[in-house]
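Student: here are the coordinates; sequence isn't available:
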């Protein structure tokens, strides 16, 4: 019963996250600005600020998530912050100005970070190893579905700016369903023997954990998928001879992302995690080449727009079969149990912070400059994760924990401790009966 509820919560969290990101495309921001009590110009800094506001909130949430989740537990955290997310998203319906909208989206981002940290941890603790891969793909499908549904709604109402609030309705409904479901969840699976998190985080034996966490932190932001989808209304503005050209391009690219996420379900269950990452990274390099070609001076405008559309669709395909589902799967199952919460929060902090920077600068610098950044990041992730990440498919949480701790150093430290104990024992001579005239068993002390 609890497993099915966790899966439902996972789906609703994904829908909420996807629709929350897609609900402020440039088209929606334009509709919102025309309805505002205090209208504003659509400058690039304002568009970037509104677009990254959810990510800023997610990064802020990462700073405070670890102690709060440890204090409240997974279930209570989910209850409280899903409710906060509902309320903050409802306030975005009110058309005040861009600062007001950004503030409440930051609050929604903080709450979203807590829910998307808690639910994967519950999944890792309650689901069997063979089920974790599939459920990660389900989350990716839910996120993609939220984006596609939002873009379809946007297509039909983009010419009536007064209906902008309908685009923002889906994240409210999905967050509300998460809130309702969370009341029925159990707190923790006692069968896996979760230990109390009393370990010091900054120890030599956890160096590998930190290096892997850095690679995982860039797994979503480093692919370029978030700004590609979020700014798709700008990217595809001139791709079609239609007044709704930007919305059509968004639906096509995000629709392919959704289809790829569905295709990835059996693939995730069949292939190993590192094999999928290798495939995804290799495929992403192909898409970056297409982006570069599309910007060449000898390429016609029409052909360039077509290549950008094809490259974005291929990037969605590569992302949905590798980095997308594996980010939450691997992050929730690879780290040692005694530091899992802290490391999950560390991964999320890197992810949201890098997403803020990369999403903010995306419309400001050229597409070629953006692609150079992503090529460097993907190369860094390839070296980091393929070299250090252990294979987690089909492994228990305890087995994954052992692989991530530097056992050789621990053995050396234990041996040194044992040697010190032996040396100390030699220096302290045991008491004997000869050392006292009133010898008896009651006063005999053996060191």
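Tutor: Done, it's in. Keep in mind it's a predicted model, so treat the numbers as computed, not measured. Numbers count the residues shown, from 1 in each chain.
Student: What confidence value was assigned to residue 334?
Tutor: Per-residue confidence at residue 334 stands at 81 (pLDDT).
Student: no no, residue 188
Tutor: Predicted confidence (pLDDT) for residue 188: 58.
Student: Please apply the same query to residue 80.
Tutor: So residue 80 comes in at 92 (pLDDT).
Student: which ones are touching it?
Tutor: 72, 114 (CB atoms under 8 Å, 6 or more residues apart in numbering). From N, CA and C alone the C-beta is placed, and that goes for glycine too.
Student: so which strand or helix has it?
Tutor: helix 44-91 (DSSP states H and E).
Student: what's the following helix or strand after that helix?
Tutor: Toward the C-terminus from helix 44-91 - assigned by DSSP H and E - lies helix 98-126.
Student: Now do the buried residues in that next one.
Tutor: Across helix 98-126, burial judged by 16 or more other CB atoms under 10 Å covers 98, 100-126.
Student: any idea of the mean pLDDT in it?
Tutor: Mean predicted lDDT for helix 98-126 stands at 86.
Student: continuing past it, what's the next helix or strand?
Tutor: helix 129-157.
Student: Tell me what angle that following helix forms with helix 98-126.
Tutor: In terms of direction (axes from the mean of the first three to the mean of the last three CA atoms, to 10 degrees), helix 129-157 departs from helix 98-126 by 160 degrees.
Student: what's the average pLDDT for helix 129-157?
Tutor: Mean predicted lDDT for helix 129-157 stands at 79.
Student: same for that helix, what does it pack against?
Tutor: helix 2-22, helix 98-126, helix 164-167, helix 169-182, helix 245-270, helix 323-333 (3 or more CB pairs under 8 Å, 6 or more residues apart in numbering; DSSP states H and E).
Student: just checking, what packs against the first one?
Tutor: I take that to be helix 2-22. So helix 2-22, by 3+ CB pairs under 8 Å, 6+ apart, packs with helix 44-91, helix 98-126, helix 129-157, helix 169-182, helix 225-230.
Student: Looking at those helices, which is nearest to residue 368?
Tutor: helix 225-230 (14.2 Å; CB to CB).
Student: I'd like the mean pLDDT over the closest one, please.
Tutor: 67.
Student: Can you tell me the closest non-neighbouring residue to residue 30?
Tutor: residue 42 (6.0 Å; CB to CB, 6 or more residues apart in numbering).
Student: if we can go back for a sec, of the helices and strands packed on helix 129-157, which approaches residue 204 most closely?
Tutor: helix 323-333 (22.2 Å).
Student: Which strands or helices does that closest one pack on?
Tutor: Against helix 323-333 (3+ CB pairs under 8 Å, 6+ apart) you get helix 98-126, helix 129-157, helix 207-217, helix 245-270, helix 273-294, helix 340-361.
Student: how much distance is there from it to the middle of the chain?
Tutor: 8 Å (CA atoms, centre = their mean, to the nearest Å).
Student: got the angle between that helix and helix 245-270?
Tutor: Using the same axes, to 10 degrees: helix 323-333 against helix 245-270 is 50 degrees.
Student: Make a markdown table out of the helices and strands packed on helix 323-333 and add distance to residue 54.
Tutor: Output for the helices and strands packed on helix 323-333, formatted as a markdown table (distance: least, CB to CB, whole Å):
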| stretch | distance to residue 54 |
| --- | --- |
| helix 98-126 | 4 |
| helix 129-157 | 13 |
| helix 207-217 | 17 |
| helix 245-270 | 17 |
| helix 273-294 | 24 |
| helix 340-361 | 9 |
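Student: hang on, the earlier thing: let's have the helices and strands packed on helix 2-22 in TSV, adding distance to residue 38.
Tutor: Listed next are the helices and strands packed on helix 2-22 as TSV, based on distance: least, CB to CB, whole Å:
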stretch	distance to residue 38
helix 44-91	13
helix 98-126	9
helix 129-157	23
helix 169-182	23
helix 225-230	24
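Student: so which of the ones you listed comes closest to residue 334?
Tutor: Per CB to CB, nearest to residue 334 of the helices and strands packed on helix 2-22: helix 98-126, 9.4 Å.
Student: residues near the closest residue to residue 8 other than its chain neighbours, how many?
Tutor: Nearest non-adjacent residue to residue 8, counting by CB to CB, 6+ apart: residue 181, 5.3 Å away. Residues near residue 181, counting by other CB atoms under 10 Å, number 23.
Student: what sits against residue 181?
Tutor: 5, 8, 9, 12.
Student: circling back: of all the helices and strands packed on helix 2-22, which one comes closest to residue 211?
Tutor: Among these, if distance is taken as CB to CB, the winner is helix 44-91, at 18.5 Å.
Student: neighbours around residue 403, how many?
Tutor: 15.
Student: count of neighbours near residue 386?
Tutor: 14.
Student: ok so, going back, report pLDDT for the residue nearest to residue 8.
Tutor: On the pLDDT scale, residue 181 gets 87.
Student: cool, residue 347 as well?
Tutor: Reported pLDDT for residue 347: 87.
Student: Ok, the one 5 residues further on next?
Tutor: If you check residue 352, the pLDDT there is 79.
Student: Which secondary structure element of the protein has the lowest mean pLDDT?
Tutor: Across the helices and strands of the chain, mean confidence by mean pLDDT, DSSP states H and E is lowest for helix 407-427: a mean of 51.
Student: Residue 38 contacts residue 96, correct?
Tutor: Yes. Using CB atoms under 8 Å, residue 38 is in contact with residue 96, at 6.6 Å.
Student: Between the two, which has more neighbouring residues?
Tutor: residue 96 (16 against 11).
Student: mind checking how far the more buried one is from residue 104?
Tutor: 9 Å (CB to CB, to the nearest Å).
Student: returning to that earlier point: the residue nearest to residue 30 - how many residues pack around it?
Tutor: Going by other CB under 10 Å, the residues that sit close to residue 42 add up to 13.
Student: Let's verify it: helix, strand, or coil?
Tutor: coil (DSSP: H, G, I helix; E, B strand; the rest coil).
Student: mind listing what's buried in stretch 163-180?
Tutor: 164-172, 174-179.
Student: Distance from stretch 46-65 to the middle of the chain?
Tutor: Distance, centroid of stretch 46-65 to centroid of chain: 13 Å (CA atoms, centre = their mean).
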